[in-house]
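In: Structure of the sequence below:
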Amino acid sequence: MPGGIELAVIVGVVILLFGGKKIPELAKGIGKGIKDFKSAVKEDDEKVADAKDAVKEIKEDVKDATAEVKEATTTTTTKQA
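Out: Just a heads-up that it's a prediction; the model follows:
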């Protein structure tokens, strides 16, 4: 982590490179980029949660269908005997 003097030098170089008027525009652009990134991550997390819910429902449906097939097979086997 840069100390006080190193930080002052970095700020001075940034001001020399971009000028005083460009720094707020640059900061605004960086802030907007961070905000967009966070919202995209949140949106992706919601999609993953929705997908997990869908997979859970499918697993339950498969479990129910398997139980029905086993029951039907047992009933058919019992009737034949």
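In: Let me know the helix or strand that E25 is in.
Out: For E25, the host element (DSSP states H and E) is helix 4-80.
In: Could you measure from G31 over to E25?
Out: Computed as CB to CB, to the nearest Å, the G31 to E25 distance reads 11 Å. Where C-beta positions appear, they are placed from N, C-alpha and C, glycine not excepted.
In: what sits in contact with each of these two?
Out: The contact sets of G31 and E25 do not overlap (CB atoms under 8 Å, 6 or more residues apart in numbering).
In: just for this protein, where's the confidence low?
Out: The chain contains residues with pLDDT under 70 at 79-81.
In: one more time with 80
Out: 1-2, 20, 75-81 (pLDDT under 80).
In: middle-most residue in it, spatially?
Out: By CA atoms, centre = their mean, the mean C-alpha position of the chain lies nearest to D45, the distance being 3.0 Å.
In: how much space is there between it and K59?
Out: D45 is 21 Å from K59, by CB to CB.
In: I10 too?
Out: Taking CB to CB, one finds I10 at 54 Å from K59.
In: Please name the residues that touch I23.
Out: By CB under 8 Å, 6+ apart, the neighbours of I23 are 14-15.
In: could we number from 33 for the rest of this?
Out: Let's use 33 as the start, then, which means that last one is I55.
In: From T107, how far off is E100?
Out: 10 Å.
In: D93 now?
Out: Distance of D93 to T107, computed by CB to CB: 21 Å.
In: Then E38?
Out: Taking CB to CB, one finds E38 at 80 Å from T107.
In: What are the neighbouring residues in contact with I42?
Out: So I42 contacts P34 (CB under 8 Å, 6+ apart).
In: same check, this time on E78
Out: E78 touches nothing, counting by CB under 8 Å, 6+ apart.
In: Could the C-alpha coordinates of stretch 77-88 be exported in PDB?
Out: Written as PDB, here are the backbone C-alpha positions of stretch 77-88 (Å, rounded to 0.1, in the frame of the first residue of the first chain):
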ATOM      1  CA  ASP A  77     -26.500 -14.200  -9.400                       C
ATOM      2  CA  GLU A  78     -30.300 -13.900  -9.800                       C
ATOM      3  CA  LYS A  79     -30.100 -16.000 -13.000                       C
ATOM      4  CA  VAL A  80     -28.100 -18.700 -11.200                       C
ATOM      5  CA  ALA A  81     -30.600 -18.800  -8.300                       C
ATOM      6  CA  ASP A  82     -33.400 -19.200 -10.800                       C
ATOM      7  CA  ALA A  83     -31.600 -22.000 -12.600                       C
ATOM      8  CA  LYS A  84     -30.900 -23.700  -9.200                       C
ATOM      9  CA  ASP A  85     -34.700 -23.500  -8.500                       C
ATOM     10  CA  ALA A  86     -35.500 -25.000 -11.900                       C
ATOM     11  CA  VAL A  87     -33.100 -27.900 -11.300                       C
ATOM     12  CA  LYS A  88     -34.500 -28.500  -7.900                       C
END
